[in-house]
Each structure stands twice: as C-alpha cells, then as structure tokens.
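**Q** I need the structure of the sequence given here:
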Amino acid sequence: MELSDDVVRDAAAGDPLATRQVYEALSPRVLGYLRSRGVEDPEGCTSEVFLALVPRLAGVDGGAAGLRTLAFSVAHARVVDDARRRARRPHVLAYEPEHDDRTSESAEQHAVTSVEAERAVRLMQRLGEDQRAVVSLRVVGDLTLEETAQVLGKTVPSVKQLQRRGLERLRELMVAPEVP
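**A** Numbers count the residues shown, from 1 in each chain. Presented below is the predicted three-dimensional model:
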C-alpha cells in the first residue's frame, strides 16, 4: 500500500481511518528495517515506533515523504536504543519462536523467515554498521538518499558511497560459498 499526502493530511487531522492506513502502509517496512538491523523484539519495537509517531502526526511537514522520514528516524533511534540496552545487560537465552505455541505465524512472518530472507539477514550482519544501516533504510525502508541521510545524520554523498559499497559487498557474499 502506497502512502499519499492526502492520507497523511487526514491522519494529522485526527482521522482514525487515515491513521490506520498510515500504519498499514509503513509498519511492514519499519518491521523489516528493525529485523534487518537485528533488533531483539522487532514486533514490539515496531509498536513503540508507532506509539511515538502517532502523537507527532499533526506536526509532520513534507506529506508522505516527510512522514516516512520521521518514521524511520524514530525506528533508527529505537535500533540505537536496543543496541545500547543489550550492551548494558548480560546475555539471556534467545527467544525461539518455533517453540512458542502462543501465536501463529502470519503470512508476512512466513515470507520474512523464508530461507532466502534468513540468508539475506545473515549476510547483512556481515556488513559494517553504517553500510547495514544505509542498505536497510534504502532497500527495506524504501527511503530516498536524502531521507536516509537525514535519518542517519550523514551527507547524501556519504550515503551513496555507503550504499554502493554495501551492495557490492552483499553481491560478493551472495556468490561466495557460505561458510558455516
């Protein structure tokens, strides 16, 4: 679902249907970005992003593009928070969704957890931090170069360079035999 300026304007005015459309349009990409960055609880973090985003809808400038930039700025801040939080606390056992019978897998979760998606996420983890952030925001988040630069606090030329190098490295990793 593509987000329009009209929907953003209506959501900013408090229209609950438009707010739902904003969520439905942005949440899959935000979730994908959070997963690609290795956030411990990407679904919960996606909820946090939208809990922070909805009260700020009235102040969004730039229509759909501005809202997308804001959403990924908030998501990126949550990625940083998650990394800091994990660095401060001792390692705990990993959550294993295949052993959790409390929920059923959605179609989106099934697609994301496919073998190729898992491999792509593993390969993304082998990129440098800045390259991984840029590739995730550009490919998964579908942000423009300018929006990505704004989210990460970098210049557009540095984002271009990071993206080029990150994608080159991913290509190399994709054709290389996988090391266990």
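
**Q** would you mind giving the secondary structure of Asp142?
**A** Assigned with DSSP: H, G, I helix; E, B strand; the rest coil, Asp142 falls in the coil class.

**Q** mind checking the SS state of the closest residue to Arg37 other than its chain neighbours?
**A** Counting by C-beta to C-beta, 6 or more residues apart in numbering, Arg37 lies nearest to Val79, which is 4.6 Å off, once chain neighbours are set aside. For glycine as for every other residue, the C-beta is placed from the backbone atoms N, C-alpha and C. Per three-state DSSP, the secondary structure class of Val79 is helix.

**Q** do I have it right that Val79 meets Glu40?
**A** No. Contact criterion C-beta atoms under 8 Å: Val79 and Glu40 do not qualify, at 10.5 Å.

**Q** residues contacting the residue nearest to Arg37?
**A** Taking C-beta atoms under 8 Å, 6 or more residues apart in numbering, we find Val79 in contact with 33-34, 37, 39, 45, 133.

**Q** spatially, which two of the residues you listed are the most separated?
**A** Farthest pair in the contacts of Val79 (C-beta to C-beta) is Cys45 and Ala133. Separation: 15.1 Å.

**Q** same drill for the two, tell me which one is more crowded.
**A** When Cys45 and Ala133 are compared for neighbours, Ala133 comes out ahead with 24 against 21, by other C-beta atoms under 10 Å.

**Q** distance of the more buried one from Leu70?
**A** 17 Å (C-beta to C-beta, to the nearest Å).

**Q** please apply the same query to Pro42.
**A** Distance from Pro42 to Leu70, by C-beta to C-beta: 19 Å.

**Q** Pro157 now?
**A** The gap separating Pro157 from Leu70 is 23 Å, by C-beta to C-beta.

**Q** show me which of these two is the more surrounded one.
**A** It is Leu70, of Pro157 and Leu70, that has more neighbours when counted by other C-beta under 10 Å, with 23 against 10.

**Q** specify the local secondary structure of Leu127.
**A** Per three-state DSSP, Leu127 ends up coil.

**Q** could you do the one 3 residues further on as well?
**A** Per three-state DSSP, the local secondary structure of Asp130 is helix.

**Q** run through the residues that contact it.
**A** By C-beta under 8 Å, 6+ apart, the residues touching Asp130 are 152, 154, 162.
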